[in-house]
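Student: Please find the sequence and the predicted model below.
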Amino acid sequence: MERVKGIIHTNEKWLKKGVIFDSAGDSIDLNDLDSFWPSTDAIAMALSRTCRFRGVTAYTVAQHCVRGADAFLVMGDVEKAYQFLYHDSVEYVVGDVPGPVIKMMPEIDDLQNKILERLSNVFHFKFPFDPEVITMDNNLAEIEMSTYIHAPEEFAHSIWSQQEAYLRFLEMDRTLQKMYNLQQHIPTKETV
C-alpha cells in the first residue's frame with residue numbers, strides 16, 4: 001500500500017477497510033467479529049462520550065442505558081435490566097446512528113445486528129431483545145427528547161458528566177452481574 005507523502009510510521013492496520021479502534025486503542029475488524037473481544041470498560045467509556053440524538057444534547061447514551069436498567073431493577077426484572085444496560089452497546093462500535101438512517105440503509109441494520117449478536121455472546125445478554133426492552137427504549141427516547149431537546153435549560157442539572165455516566169455504567173454492570181450471577185459465566189479470550 002502506498003503511503004501518503006508526509007505521513008511517517010503509518011500502521012497498515014489503521015488503513016484496512018472495515019477496521020476501527022475503540023477508546024483503549026484496540027482494533028475492531030468488522031470483517032472478523034469473532035476476533036472482537038470488547039471490555040466493559042471500553043463500552044462504558046465510549047457510551048459515556050456519546051451524546052444522544054447525534055449530539056443535540058449533552059445527555060449520554062451511558063446515562064440512558066443506566067436509567068433504563070435502573071427502571072427494570074425497580075420492577076424487579078434483573079434480566080431485562082441487563083439487556084437494557086447493553087442494548088445500545090453497538091454504539092460503542094458504530095456511534096449513534098439515527099433510526100431514519102438505519103431504515104433507509106438496511107445494510108447498517110444488518111451490521112448492527114451482527115455486532116449485537118457478537119456482544120451478546122461475549123456479555124451473555126439476550127438478543128434479540130425482549131419486546132419490553134424495546135418498549136422501554138422507545139418510551140425513554142420520547143421522554144428524553146421532550147426533556148433534553150425541547151427544554152434543555154430546565155433539565156440541564158439532571159444530565160450527568162461524562163465521568164459520572166462512565167462510573168455509573170460500570171457500577172450498574174457490577175451490580176447486575178452480582179445479581180444475575182454473570183461474573184463466572186462471561187468468557188474471555190484466555191478461556192475460549
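Tutor: Yep, that arrived. Numbers count the residues shown, from 1 in each chain.
Student: which residue is nearest the centroid of the protein?
Tutor: Residue closest to the mean C-alpha point of the chain, counted by CA atoms, centre = their mean, is Ser89 at 2.1 Å.
Student: Confirm that that residue sits in a strand.
Tutor: No. Read with DSSP: H, G, I helix; E, B strand; the rest coil, Ser89 is coil and lies in no strand.
Student: for this protein, what spans make up the helices?
Tutor: Secondary structure of the chain, counting by DSSP state H: helices at 12-15, 40-48, 52-55, 61-74, 78-86, 91-94, 99-104, 106-123, 131-144, 152-155, 162-180.
Student: Quick check: which of these is nearest to Leu30?
Tutor: Proximity to Leu30, assessed across the helices of the chain by CB to CB, is greatest for helix 106-123 (6.9 Å). Just so you know, the C-beta spots here come from the backbone N, C-alpha and C atoms, and that holds for glycine as well.
Student: Now do that closest one: which elements does it pack against?
Tutor: When contacts are defined as 3 or more CB pairs under 8 Å, 6 or more residues apart in numbering; DSSP states H and E, helix 106-123 packs onto helix 78-86, helix 91-94, helix 99-104.
Student: so which of those helices is the most packed in?
Tutor: Stretch with highest mean neighbour count among these: helix 78-86 (a mean of 24; mean count of other CB atoms under 10 Å).
Student: How far away from the center of its chain is that one?
Tutor: Here the centre of helix 78-86 is set off from its chain's centre by 12 Å, with CA atoms, centre = their mean, to the nearest Å.
Student: which stretches of the chain have low pLDDT?
Tutor: Within the chain, the stretches with pLDDT under 70 are 1-15, 152, 181-192.
Student: Gly18: how many residues sit nearby?
Tutor: 10 (other CB atoms under 10 Å).
Student: returning to what we had before: these two touch, right, the residue nearest to the centre of the chain and Leu47?
Tutor: Yes. Here Ser89 reaches Leu47: they are 7.3 Å apart, a contact under CB atoms under 8 Å.
Student: what separates Asp29 from Val19, distance-wise?
Tutor: Between Asp29 and Val19 the computed distance is 5 Å (CB to CB, to the nearest Å).
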